[in-house]
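Asker: Predicted model and sequence follow; I will ask about them next.
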Amino acid sequence: MKVLFAVSNESISDSIVKKYQKDYKEIISYKNVYYFNAIQKEIRKRQNV
């Protein structure tokens, strides 16, 4: 599973990922972005794959 986090603090996304992986025993690939333009760029990049 791939997840894109748009939060201001990386520790928030890290704790979410750790909790999910512990509860569901599934690996998550994730990335943190901080600005709206970065969110758009990542979504467009994934749509072209």
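Answerer: Right, received. Where do you want to start?

Asker: Give me the nearest residue to S29, chain neighbours excluded.
Answerer: In space, and not counting its chain neighbours, S29 is closest to K2: 4.8 Å by CB to CB, 6 or more residues apart in numbering. In this view, the C-beta of every residue, glycine as well, is placed from N, C-alpha and C.

Asker: give the contact list for that neighbour.
Answerer: For K2, the contact set (CB atoms under 8 Å, 6 or more residues apart in numbering) comprises I28, S29, Y30, R46.

Asker: nearest to S11, of those?
Answerer: Y30 (13.2 Å; CB to CB).

Asker: got the phi/psi numbers for that closest one?
Answerer: The phi/psi pair for Y30 (degrees, to the nearest 10) reads phi -140, psi 160.

Asker: before we move on, what about the one 4 residues further on?
Answerer: Backbone torsions for Y34, taken as degrees, to the nearest 10, come to phi -120, psi -10.

Asker: contacting residues around it?
Answerer: A6, S8.
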